[in-house]
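In: kindly generate the corresponding structure for this input.
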Amino acid sequence: MTQGYLNLVLHAHLPFVRHPDDSDPLEEDWLHEAITETYLPLLKMMSNLEAEGVPFPLTLVLTPTLLNMLNDPLLQTRYTRRLEHLIELAEKEVKRTQDQPEFLHVAQMYLNSFKEAYYLFCKKYQKNIIQGFKHFQDIGQIEIITCAATHGYLPLMLHRQAIKAQISQGVKTYQHFFGRRPKGLWLPECGFKDGIDDILQEEGIQFCFVDTHCILYAVPRPRYGVNTPIYSPAGVAFFGRDVETSHQVWSAREGYPGDFDYREFYRDIGYDLDYNYIRPYLHSTGIRKMTGIKYYRITGKSNHKKVYKPEWAREKAALHAANFIFNRQKQIEYLNNFMQQPPILTAPYDAELFGHWWYEGPQFLEYVLKKLHYDQHQISMITPAKYLQLYPKQQVAKPAEGSWGHEGYHEVWLNGTNDWIYPYLHQANERMIKLASEKNNPSLLERRVLNQAARELLLAQSSDWAFIMKAGTMVDYAIRRTKTHLNHFTSLIEMLQNGQIIESELYSYEAEDNLFPEMDYKIYQNA
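Out: Predicted structure coming up:
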């Protein structure tokens, strides 16, 4: 008999990166790596479980920016070319390592993996993997939910209508791809402040997720902490992140991904091998970069690394899956001592952890799901919507403000490295709201300008740019993207105000930032 539930949430997100005028943008590697190492392995895992009759009711966040990139013909073509290059490189590696049995075994593993990825992407899914995830939702295995349009950090938006526009467009994009309204929404960076729940309720969102402290410090204090959801006064259910499940996977010191038998992420042949040999597979400028082929295991804390053993890593993934479930069982046994309903353990993770950062992550997940099905009966996997259906009566409390960023508040997205962006974003919001409210019957050309201005503003608001500025990685790119979208927005607004629309300029913006075909600028109109 089920004593408790596991609510596994995978948050799949990438910022919108699409540069049609650049044949080899370095930042597109983010998408290529995520498809090869995370999204396709997850689909393979789901297919294996479906074939075996193992249920896997997990929750998957597919953000609107990611959906638009996965659906884009240009990006699909470029990714296909990337796979072809990887297969070619892996074939050369098999030949190069033919006299080194340990390395040859790993090289053959990569060649098989890349060929399988090519089959899945190009043949099975016809270059659009969204249909793969949609299939598993349509048959009732997973629950796909949406996110704010461009992953904008909502608590730092001063204007209610700016928050509503992000959420409304996220809902519209979901409907565009899945033909129905989403039940849940992932708050970008789990960022919440008072009033956001009112907007979620207006958009028909039933549930979302926040970090642990946002539940623990809710008013009044929730009786069962994060082990059951709470309803906000607006009627939206909030699920809080379980600390123990996060610690076991995320902890740099104690988390599973740091095991010495797992693949070492940072030792890639793009940096290790002779430059002239690897040059055709690097960036067009010649700079070294990750290829995805990595021959070493973590080994230890020193720089000395030993050759990766796929079989050893697979065994560790199985052991860690069993340990993960054992700990959840003990956790639920303890909670049942004082709870009057079965607890739910909410375990949200960035999807890209599984496969990209932690190569064995998809294997671990598959083992977890199989062991939950075959080896025990105390814990059941469940989606938030299903849990609320089974247990509709929950405590009403007002969640505390916060995020899952450093120190649990807003400082990652508002600090000395990125605070300069907010006066410009707030001013742009004011101009967009004003124009959208005034333009009730625009001409077709004016409508195009207004819609594109809305796209540019949403793109400028992406939390990724502020995060990158704080993290100190690809800072120039993040600054350039923020400034570019704000400049495009300003140019478009001035066209309207001056009554002189330059169609060639408008077309160039539409061609470059072509996401959200269902865009309607009226999402910025005052209610």
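In: give the buried residues for the helix or strand Arg455 falls within.
Out: Element membership for Arg455 (DSSP states H and E) is helix 444-460. Buried residues in helix 444-460, defined by neighbour count with 16 or more other C-beta atoms under 10 Å: 446-460. Where you see a C-beta, it was placed from the backbone N, CA and C, and this is true even at glycine.
In: what number of residues lie near the closest residue to Leu335 other than its chain neighbours?
Out: Excluding its sequence neighbours, the residue lying closest to Leu335 (C-beta to C-beta, 6 or more residues apart in numbering) is Pro343, at 4.4 Å. Other residues near Pro343 come to 21 when the count uses other C-beta atoms under 10 Å.
In: show the model's pLDDT score for Pro343.
Out: Note on Pro343: pLDDT of 97.
In: pretty sure it contacts Tyr334?
Out: No: counting by C-beta atoms under 8 Å, Pro343 does not reach Tyr334; the two are 9.4 Å apart.
In: in the stretch 51-200 of the chain, what residue spans correspond to helices?
Out: Using DSSP state H, counting those that start in this stretch, the helices of the stretch 51-200 of the chain run over 64-70, 73-96, 101-118, 130-138, 160-178, 196-202.
In: need these in a markdown table with mean neighbour count, can you?
Out: Shown next, in a markdown table, are these (neighbours: other C-beta atoms under 10 Å):
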| stretch | mean neighbour count |
| --- | --- |
| helix 64-70 | 24 |
| helix 73-96 | 17 |
| helix 101-118 | 17 |
| helix 130-138 | 18 |
| helix 160-178 | 22 |
| helix 196-202 | 20 |
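In: per-residue pLDDT, the residue nearest to Gln131 when sequence neighbours are not counted?
Out: Among residues not flanking Gln131 along the chain, Tyr125 sits closest, at 6.1 Å (C-beta to C-beta, 6+ apart). If you check Tyr125, the pLDDT there is 98.
In: so who does Tyr125 touch?
Out: By C-beta atoms under 8 Å, 6 or more residues apart in numbering, the residues touching Tyr125 are Leu43, Gln131, Gly132.
In: export only the CA atoms of stretch 188-206, formatted as PDB.
Out: The C-alpha trace of stretch 188-206 is given here as PDB (Å, rounded to 0.1, in the frame of the first residue of the first chain):
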ATOM      1  CA  PRO A 188      11.600  30.900 -13.600                       C
ATOM      2  CA  GLU A 189      14.300  30.300 -11.000                       C
ATOM      3  CA  CYS A 190      11.400  29.400  -8.600                       C
ATOM      4  CA  GLY A 191      11.100  33.100  -8.200                       C
ATOM      5  CA  PHE A 192       8.000  34.300  -6.300                       C
ATOM      6  CA  LYS A 193       6.600  37.400  -4.800                       C
ATOM      7  CA  ASP A 194       3.200  38.300  -3.600                       C
ATOM      8  CA  GLY A 195       0.600  38.900  -6.300                       C
ATOM      9  CA  ILE A 196       2.100  36.500  -8.900                       C
ATOM     10  CA  ASP A 197      -0.400  33.800  -7.700                       C
ATOM     11  CA  ASP A 198      -3.300  36.100  -8.600                       C
ATOM     12  CA  ILE A 199      -2.000  36.300 -12.200                       C
ATOM     13  CA  LEU A 200      -1.400  32.500 -12.300                       C
ATOM     14  CA  GLN A 201      -5.000  32.000 -11.200                       C
ATOM     15  CA  GLU A 202      -6.300  34.400 -13.900                       C
ATOM     16  CA  GLU A 203      -4.400  32.300 -16.500                       C
ATOM     17  CA  GLY A 204      -5.900  29.100 -15.300                       C
ATOM     18  CA  ILE A 205      -2.700  27.700 -13.700                       C
ATOM     19  CA  GLN A 206      -3.500  25.100 -11.000                       C
END
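In: and the helix or strand where Glu315 lies, what does it pack onto?
Out: Element membership for Glu315 (DSSP H and E) is helix 310-335. The helices and strands touching helix 310-335, judged by 3 or more C-beta pairs under 8 Å, 6 or more residues apart in numbering; DSSP states H and E, are strand 4-12, helix 101-118, helix 243-250, strand 344-350, helix 361-374, strand 379-381.
In: any idea how far Asp24 lies from Ser284?
Out: Computed as C-beta to C-beta, to the nearest Å, the Asp24 to Ser284 distance reads 4 Å.
In: and these two? Which one has more around it.
Out: Using other C-beta under 10 Å, the more surrounded residue of Asp24 and Ser284 is Asp24, with 13 against 10.
In: could you report the separation of the more buried one from Ser508?
Out: Here Asp24 is placed at a distance of 20 Å from Ser508 (C-beta to C-beta).
In: helices or strands up against the helix-or-strand element of the chain with minimal mean pLDDT?
Out: The weakest-scoring helix or strand in the chain, judged by mean pLDDT, DSSP states H and E, is helix 243-250 (a mean of 86). Using 3+ C-beta pairs under 8 Å, 6+ apart, the elements in contact with helix 243-250 are helix 310-335, strand 344-350.
In: show me this protein divided up by domain.
Out: Domains of the chain are assigned by automatic domain parsing as 10-71+128-252+312-407, 414-524.
In: looking at those, which one is packed in the most?
Out: domain 10-71+128-252+312-407 (a mean of 20; mean count of other C-beta atoms under 10 Å).
In: ok, Glu244 - contacts?
Out: Asn327, Gln331, Leu345.
In: all helices for the stretch 401-527 of the chain, in order.
Out: Using DSSP H, counting those that start in this stretch, helices in the stretch 401-527 of the chain cover 421-438, 444-460, 463-471, 475-498, 503-512.
In: what's the closest of those to Tyr266?
Out: Of all those, helix 463-471 sits nearest to Tyr266, with 16.4 Å by C-beta to C-beta.
In: mind saving the C-alpha coords of the closest one as CSV?
Out: Listed next in CSV are the C-alpha coordinates belonging to helix 463-471 (Å, rounded to 0.1, in the frame of the first residue of the first chain):
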residue,chain,number,x,y,z
SER,A,463,16.7,35.7,-16.6
ASP,A,464,19.6,33.9,-18.4
TRP,A,465,21.3,37.1,-19.3
ALA,A,466,21.4,38.5,-15.8
PHE,A,467,22.5,35.1,-14.5
ILE,A,468,25.4,34.8,-17.0
MET,A,469,26.6,38.3,-16.0
LYS,A,470,26.7,37.3,-12.4
ALA,A,471,28.3,33.9,-13.1
